[in-house]
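Peer 1: Build me a structure from this.
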Amino acid sequence: MNSSLSIFRKVAVAEGISYLLLLFVAMPLKYFADLPLYVKYTGWAHGLLFVLYAATLILAWQEQKWKFGKAVLIFLASLLPFAPFIVDRKLKDERALN
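Peer 2: Residues are numbered from 1 along each chain as shown. Coordinates of the predicted model:
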């Protein structure tokens, strides 16, 4: 059975990828190629993954008994490009130490 942390890490990577696709593929296509449909669908997928990121973060926070500040920092990482990948790496390293 997958732990909440394992599920969160998978969702975090998917959310990070969707964010990069939205910023660096869909948005340029919208503004430079006049193809707004890509933003619509990529944005929808990213929005869903963002909600899943927040929900699985709450589950992992409870399971791992993280301090509030750590959970807030991990949430804020979802707002920055590439940061979810850094969070994933740090959580992987933490898990290896334990």
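
Peer 1: I'd like to know how many residues surround the nearest residue to residue 13 once chain neighbours are set aside.
Peer 2: Excluding its sequence neighbours, the residue lying closest to residue 13 (CB to CB, 6 or more residues apart in numbering) is residue 88, at 5.6 Å. Just so you know, the C-beta spots here come from the backbone N, C-alpha and C atoms, and that holds for glycine as well. For residue 88, the number of neighbouring residues by other CB atoms under 10 Å comes to 18.

Peer 1: Looks like residue 88 contacts residue 12 (just checking).
Peer 2: Yes: if you go by CB atoms under 8 Å, residue 88 and residue 12 touch, sitting 5.4 Å apart.

Peer 1: Can you find the helix or strand in this protein with the smallest mean pLDDT?
Peer 2: Least confident element among the helices and strands of the chain, by mean pLDDT, DSSP states H and E: helix 83-97 (a mean of 92).

Peer 1: what packs against it?
Peer 2: Judged by 3 or more CB pairs under 8 Å, 6 or more residues apart in numbering; DSSP states H and E, helix 83-97 is in contact with helix 4-21, helix 68-77.

Peer 1: Great, nothing more from me.
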